[in-house]
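>>> Fold the following.
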Amino acid sequence: MDTIASLFSFITTPVSWVIVQFHKVYGALFGYDSGWAWGLSIVSLVVLIRICLIPLFVKQIKSTRNMQVLQPKMKAIQERYKNDKQRQSEEMMKLYKETGTNPLSSCLPILAQSPFFFALYHVLSSIASGKKIGAIDQSLLDSARQAHIFGAPLAAKFTDSAEKVASLDASLLDVRVITAIMIVLMSASQFFTQRQLMTKNVDLTVKTPYMQQQKMLMYIFPVIFAVMGINFPVGVLVYWLTTNVWTMGQQMYVINQNPTPGSKAQDAYLQRLLKSVSTHGQVRGRTRRNTVKRVVSKGSDRNDIERKFITGLAKLGLAAQEDGTVVKSETAAAEAEGGAAQKRHQPKRQTKAKRQTAAGGSGAARDAAPADSADSAAKTSLQKQDAPQDDQPKSADKSASGSSRQAKSGQRKGPQRPKHPSKK
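Sure, this is the predicted structure:
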């Protein structure tokens, strides 16, 4: 680890200088040798670094979304050229170039933080060894070695021996309890951040291998942090816990204000926007107007959530415009009411029991219909019998007798079985 950290030694002087400047401010408030002064100096270093990395974070968000959108196309390319790896790679690069997507952009914030992380690790290791480094002179070195956070020295590690911890004026139990708690918090914050991304800010209509990979990382990253954390000094754990909390808060803001299309977060955001429009009668804020503008520009390509938002505006008597504003529209309200009325007038679907009952009733009606026709036929034959017998053909008597036989209810068609002599 020292070999890797030494590769970033060119940045240890700037990192140590920034920590010393923050220590001067917090030392005046909490005391020169206070652990809070040194701990808050590390936290302030993290905040400063993350503010500088905001542009890279924006690129990371855009790249992640573009990768999600491109997953179906990437899968189609893989299926089409599964036997030609070279052509597959060429088509992938062509797709990235056409859409302006860089797969490495999602790793930029982590890669950019790595030099600062290893430089801080190198600084704290030098403090634990009693060596001056960068802008930290002997007086600052002595002060940092005396600084404790909840009884644990900044330079102590979970794996340190009791003798080494004792040389830093601390007990092994205190060091291990504090480092264990910080490792758990660090892993939990990493897990919650990834879970928040997977459950709220992912398009649920697209099922791709990319989503499965992200789901696996949700469980793998916390384990990696837990295993590596036992070898980190307390000061580095403070650094990593702070950057995880910053990432979690930054991601929560992005999810609430600029969610991924088709996700649960977009549904919640558009519902809040619809409620705001119904209250104020207009779209307030440039960010919200840009959101409405994007929804309008999609036209027929809108997803179900966006169509529901447009329908909600129509029910309020409003129509979204291309510039992101809304105007009153009686036509939109009439169409929304007409669609709702048409939906209400649609017959309800009957249950299976009702359908069977209706089928039984129609069958009984069909059975009764021949009987009614037989009765009418019988009446007709009787009327014909009243006429002179000379005018009636003999076949009429046969048909009348046949009709009278059919008129009897419950009698089976065709030749009848003769009755038993005892029943005559």
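>>> Give the residue spans of this protein that score low on pLDDT.
Scanning the chain for pLDDT under 70 picks out 1-9, 64-65, 67-69, 71, 102-108, 202-214, 332-354, 356, 358-424.
>>> Pull out the CA atoms of the helix or strand hosting Y121 and give them to me as CSV.
Taking DSSP states H and E as the criterion, Y121 maps to helix 108-129. Provided in CSV are the C-alpha atoms of helix 108-129 (Å, rounded to 0.1, in the frame of the first residue of the first chain):
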residue,chain,number,x,y,z
LEU,A,108,-14.5,9.7,-13.4
PRO,A,109,-15.4,10.9,-9.9
ILE,A,110,-13.8,7.9,-8.3
LEU,A,111,-10.7,8.1,-10.5
ALA,A,112,-10.3,11.8,-9.8
GLN,A,113,-10.5,11.2,-6.1
SER,A,114,-7.9,8.5,-6.0
PRO,A,115,-4.8,10.7,-5.9
PHE,A,116,-6.3,12.7,-3.0
PHE,A,117,-7.3,9.5,-1.2
PHE,A,118,-3.8,7.9,-1.4
ALA,A,119,-2.1,11.2,-0.6
LEU,A,120,-4.1,11.6,2.6
TYR,A,121,-3.4,7.9,3.4
HIS,A,122,0.3,8.7,3.0
VAL,A,123,0.1,11.8,5.2
LEU,A,124,-1.6,9.9,8.0
SER,A,125,0.8,7.0,7.8
SER,A,126,3.7,9.4,8.1
ILE,A,127,2.0,11.0,11.2
ALA,A,128,1.6,7.5,12.7
SER,A,129,5.3,6.8,12.0
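>>> contacts for the helix or strand following that helix?
As assigned by DSSP H and E, the chain's next helix or strand after helix 108-129 is helix 138-146. With CB atoms under 8 Å, 6 or more residues apart in numbering as the test, helix 138-146 has contacts from 20, 23, 32-33, 38, 127-128, 130-132, 136, 153-155, 168-169. Every C-beta, even on glycine, is put in place using the N, C-alpha and C of the backbone.
>>> Show me what the helix or strand just after helix 138-146 packs onto, helices and strands only.
Remark: after helix 138-146, the chain's next helix or strand is strand 148-149, criterion DSSP H and E. The contact analysis (3 or more CB pairs under 8 Å, 6 or more residues apart in numbering; DSSP states H and E) places strand 148-149 against helix 35-52.
>>> Which positions within the helix it packs on qualify as buried?
Buried residues in helix 35-52, counted by 16 or more other CB atoms under 10 Å: 35-46, 49-50.
>>> Who are the packing partners of the helix or strand where F221 lies?
Assigned by DSSP H and E, F221 belongs to helix 209-229. If contacts are counted by 3+ CB pairs under 8 Å, 6+ apart, helix 209-229 sits against helix 54-80, helix 172-200, helix 234-257.
>>> can you list these in a markdown table and add mean neighbour count?
A markdown table is the format used below for those (neighbours: other CB atoms under 10 Å):
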| stretch | mean neighbour count |
| --- | --- |
| helix 54-80 | 16 |
| helix 172-200 | 18 |
| helix 234-257 | 20 |
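>>> Make a markdown table from those helices and add distance to K275 to it.
What follows is those, written out as a markdown table (distance: least, CB to CB, whole Å):
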| stretch | distance to K275 |
| --- | --- |
| helix 54-80 | 25 |
| helix 172-200 | 19 |
| helix 234-257 | 14 |
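>>> So for G299, which of those sits nearest?
Closest to G299 of these is helix 54-80 (CB to CB; 17.2 Å).
>>> Tell me the first helix or strand C-terminal of the closest one.
Sequence-wise, the next helix or strand downstream of helix 54-80 (DSSP H and E) is helix 85-99.
>>> so which of the helices and strands packed on helix 209-229 gets nearest R289?
R289 lies closest to helix 234-257 among the helices and strands packed on helix 209-229, at 13.1 Å (CB to CB).
>>> With adjacent residues omitted, what lies nearest to M218?
In space, and not counting its chain neighbours, M218 is closest to Q194: 4.0 Å by CB to CB, 6 or more residues apart in numbering.
>>> Relative to A180, how far out is the one you found?
Applying CB to CB, to the nearest Å, the value for Q194 to A180 is 22 Å.
>>> picking that back up, and the helix holding Y121, how far out from the chain's middle?
A distance of 33 Å separates the centroid of the chain from that of helix 108-129, by CA atoms, centre = their mean, to the nearest Å.
>>> Remind me what it packs against, helices and strands.
Helices and strands touching helix 108-129, by 3+ CB pairs under 8 Å, 6+ apart, are helix 2-6, helix 12-30, helix 35-52, helix 54-80, helix 138-146, helix 234-257.
>>> Identify whichever of those lies nearest to K215.
helix 54-80 (13.3 Å).
>>> other SSEs contacting that closest one?
In terms of contacts (3+ CB pairs under 8 Å, 6+ apart), helix 54-80 is packed against helix 85-99, helix 108-129, helix 209-229.
>>> want to try TSV for these, with mean neighbour count and distance to N258 as columns?
As requested, those are exported to TSV (neighbours: other CB atoms under 10 Å; distance: least, CB to CB, whole Å):
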stretch	mean neighbour count	distance to N258
helix 85-99	13	19
helix 108-129	20	17
helix 209-229	15	19
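>>> what's the closest of the ones you listed to K298?
So among those, helix 85-99 is nearest, using CB to CB, at 16.7 Å.
>>> Which elements pack onto that closest one?
When contacts are defined as 3+ CB pairs under 8 Å, 6+ apart, helix 85-99 packs onto helix 54-80.
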